[in-house]
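Q: Turn this into a model:
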Amino acid sequence: MNFPCGTGSSWKKKHAGNRVNAGNEHTGGEDDFFKSRIRRLIVHSPKRWTPADVAKTLNVGRPRERRVLRRAVRALINEGTLQYTYRMGCSFLEPSVQGLVRISKGLVLTPPRFNYSPQPGEIVVSLAQGSAFGAGDHASTRLALAGIEAAVRTAFGWHHREKTRVLDIGTGNGVLMIAAVRLGMTFALGIDTDPCARFEARENVRINGLEDRIRVSEKPADAQCGPFSLVAANLRFPTLVSMAPTIQSLTEKGGGVILSGVREGEIRRLVDRYPPEVFSRLWVRCDQGWCGILLMKKAQ
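A: This is a model prediction of the structure:
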């Protein structure tokens, strides 16, 4: 049986007997407590969950608890976080790709004109539905966005600098560079060899009103003029390995590198391409078998 974020059976033992008390102590009450548990359970799990699976895993049995659980599920569906799907005679709860996709407490993705009121300090990125990669439904996108948020908000202290530049290699629909600028970076450049991806990225830049701060280019990474404060690449392992020298040369001293789209068994071989005397590893995170890496290029 799966539990939120790999917490295992200890999570159930700790919370099963005190769900109501814990919910009352939670800042949003019981409903918010159940919402957060359901969200973590479904969004971060590779399996599909039936409503009965959710109730069983959260050890919900009493009528009052079942009512609270139903309200929490309904609220998550109404806000666009989850959706019902129907396969082979069963209904499942899955992350919604048509509505709001919550990346973190401070970053959400929504379709254009989606009816959502952001909380104070919350960043919203609007994305038109298209074929290019980066809608937030794939774990590697969420990991890359988490790396960008960590880098911009906390890791590098860029809010004290006048100008910061982001390079998004293989930009897809542009979500990474748009989020970086929304979070506070000064300028972003997204590159992609696919003309359809470039079209969608430019459209999403326009939707977010960032045409004066983001540019989309077909020129490859080795033709770009660095250095950049942050280089992000959500690509597969062979491409990331081959591009490691170029990424290193394009990253300024004291800058960051975000790599996503690798499997757990590939992390060491990829990180080995970034010598420890030049790059520090700040974090590695995994989600549904995919991993993201945040590195910092040393100032000296």
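Q: For the helix or strand harbouring residue 201, which residues meet the burial criterion?
A: Taking DSSP states H and E as the definition, residue 201 sits inside helix 195-207. Judged by neighbour count using 16 or more other CB atoms under 10 Å, the buried positions of helix 195-207 are 197-198, 200-205, 207. (Glycine included, C-beta is placed from N, CA and C.)
Q: ok, residues contacting it?
A: For helix 195-207, contacts defined as CB atoms under 8 Å, 6 or more residues apart in numbering pick out 112, 126-128, 130-133, 171-175, 177-178, 190, 192, 211, 214, 216-218.
Q: Given the next helix-or-strand element following that helix, what are its sheet partners and their directions?
A: Beyond helix 195-207 on the C-terminal side, the first helix or strand identified by DSSP H and E is strand 214-217. Sheet neighbours of strand 214-217, with direction, are listed as strand 187-191 (parallel) (DSSP bridges).
Q: So which residues of the stretch 1-150 of the chain form helices?
A: For the stretch 1-150 of the chain, applying DSSP state H, counting those that start in this stretch gives helices covering 9-16, 19-25, 29-43, 51-57, 63-78, 139-150.
Q: Deepest in the core, which of those is it.
A: helix 139-150 (a mean of 25; mean count of other CB atoms under 10 Å).
Q: which other helices and strands contact it?
A: strand 101-104, helix 175-183, strand 228-234, strand 251-263, strand 279-287, strand 290-297 (3 or more CB pairs under 8 Å, 6 or more residues apart in numbering; DSSP states H and E).
Q: Under the pLDDT cut-off, which ranges of the stretch 101-250 of the chain? List them.
A: 131-132, 134, 155, 157-161 (pLDDT under 70).
Q: can you list the helices of the stretch 1-150 of the chain in TSV and add distance to residue 95?
A: Compiled in TSV, those are given as follows (distance: least, CB to CB, whole Å):
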stretch	distance to residue 95
helix 9-16	20
helix 19-25	23
helix 29-43	5
helix 51-57	13
helix 63-78	10
helix 139-150	10
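Q: do you know which of those helices lies nearest residue 247?
A: Among these, the nearest to residue 247 by CB to CB is helix 139-150 (13.6 Å).
Q: The next helix or strand after the closest one to strand 228-234, inter-axis angle?
A: Downstream of helix 139-150, the first helix or strand assigned by DSSP H and E is strand 165-169. Between strand 165-169 and strand 228-234, the angle comes out at 20 degrees (axes from the mean of the first three to the mean of the last three CA atoms, to 10 degrees).
Q: Pairing partners for strand 165-169, with directions?
A: strand 187-191 (parallel), strand 228-234 (parallel).
Q: and that strand with helix 175-183, angle?
A: Note on geometry: by the same axes, to 10 degrees, strand 165-169 and helix 175-183 are set 160 degrees apart in direction.
Q: circling back: compare the strands paired with strand 165-169 and give me the one nearest residue 69.
A: In this view, those are compared for proximity to residue 69 by CB to CB, and strand 228-234 is the closest at 34.6 Å.
Q: what's next to that closest one, contact-wise?
A: When contacts are taken as CB under 8 Å, 6+ apart, the neighbours of strand 228-234 outside the stretch itself are 133-134, 140-141, 144, 147-148, 151-152, 156, 158, 161, 164-170, 172, 176-177, 180, 185, 189, 239-240, 243, 247, 250-252, 255-261.
Q: ok, 7 Å please
A: With CB atoms under 7 Å, 6 or more residues apart in numbering as the test, strand 228-234 has contacts from 140-141, 144, 148, 151, 158, 164-170, 176, 180, 185, 240, 243, 247, 250-252, 255-261.
Q: Likewise for stretch 103-116?
A: By CB under 7 Å, 6+ apart, stretch 103-116 touches 80, 99-102, 121-129, 136, 142, 145-146, 149, 175, 179, 207.
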